[in-house]
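*Asks:* Structural data only, the sequence is not supplied:
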């Protein structure tokens, strides 16, 4: 049993829609769709239909594009637009951030350890905090505009009923932290009860690990978008920077940036696994590759991080392995 992920399918583009037909069967495996499937109910139906036909388990977390209010398609805004997406997912049996988290027992990590894994699709949005310290929140949008950067979200992603996107983000992060803490505690309590009931005769239970899947990256230091460096405003929240250690993440999965890469922080693997717009993954197509080659293996995944480089004076952060840049897979 393996777990794969892919994000940013952007099915509003014909090339990407047609690519779904190439998806191969994985009857025993799971797939995480990490947001930005598209903007409409029809896009969700296409993706969820293809995914559930080919995978045993499918998980989804929303991106900003799913939350857009396109007046030609819907009048739903904010949380109501999110609920519309949840309703589609429920019809296809796709697990969402609002469902109880799934625990996979006996997962093989590829390094001989294995153990139970909590699969947690989450939804955090962003709060404009990914910005330099000298830029205030009040001046953040002006700072981005000075570099000709304004996200479409400012016009199409509405926070209703919250007064702002920051307020919605704050509520989402607080609730997600509570749910992750409770899910981990509940699993451990169940294992303790089972061991006690059998007079300690049960074999020692391996500790629970977590896979966190969120459209937006959890850490600002994993963002590298030199063409639009001030777009970071719309890329996450600093409140999630320690989630990988706080919630014992085996892996953290994200999309949004359209810059596929693998990073390691504190022993946790971070996977940016977006497909992107057709022009962005055209080099992979030119090599004869398709959507199957662009799926990222999350579990078991690589057994361990590559060795970090030797310290070099002036090189910045020391002790982290360099990012593994990916054009596919």
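*Replies:* Received it, and whenever you're ready, just let me know what you need. Remember, predicted model here, so these are calculated numbers, not experimental data.

*Asks:* Which residues does residue 211 form beta bridges with?
*Replies:* Beta-bridge partners recorded for residue 211 (DSSP bridges): residue 119, residue 251.

*Asks:* Could you pull up the residues touching it?
*Replies:* Residue 211 is in contact with 3, 32, 117-120, 249-253, 298-299, counting by C-beta atoms under 8 Å, 6 or more residues apart in numbering. In this view, the C-beta of every residue, glycine as well, is placed from N, C-alpha and C.

*Asks:* which one of the residues you listed is nearest residue 133?
*Replies:* For the contacts of residue 211, the residue nearest residue 133 by C-beta to C-beta is residue 252; the value is 24.4 Å.

*Asks:* who's in contact with that closest one?
*Replies:* Here residue 252 is in contact with 211-214, 218, 243-244, 268-271 (criterion: C-beta under 8 Å, 6+ apart).

*Asks:* just the helices in the stretch 201-329 of the chain please.
*Replies:* Taking DSSP state H, counting those that start in this stretch, the helices of the stretch 201-329 of the chain run over residues 243-246, 282-286.

*Asks:* how about the ones you listed in a markdown table, adding distance to residue 82, mean neighbour count and mean pLDDT?
*Replies:* Shown next, in a markdown table, are the helices of the stretch 201-329 of the chain (distance: least, C-beta to C-beta, whole Å; neighbours: other C-beta atoms under 10 Å; pLDDT from 0 to 100):
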| stretch | distance to residue 82 | mean neighbour count | mean pLDDT |
| --- | --- | --- | --- |
| helix 243-246 | 21 | 18 | 98 |
| helix 282-286 | 31 | 13 | 94 |
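
*Asks:* count of neighbours near residue 73?
*Replies:* When counting by other C-beta atoms under 10 Å, one arrives at 12 neighbours for residue 73.

*Asks:* Over to residue 154?
*Replies:* The local packing of residue 154 (other C-beta under 10 Å) involves 12 other residues.

*Asks:* what's the answer for residue 28, then?
*Replies:* Quick note: residue 28 (other C-beta under 10 Å) scores 10 neighbours.

*Asks:* Same check on residue 170?
*Replies:* Other residues within reach of residue 170, judged by other C-beta under 10 Å, total 17.

*Asks:* same deal with residue 241?
*Replies:* By the criterion of other C-beta under 10 Å, residue 241 has 16 neighbours.

*Asks:* Tell me who's in contact with it.
*Replies:* 218-220.

*Asks:* So which of the contacts of residue 211 wins on neighbours?
*Replies:* Busiest of the contacts of residue 211 [other C-beta under 10 Å] is residue 253, holding 31 neighbours.

*Asks:* so where's the stretch 51-200 of the chain shaky on pLDDT?
*Replies:* Across the stretch 51-200 of the chain, residues meeting the criterion (pLDDT under 70) sit at 106, 108-113, 194-200.
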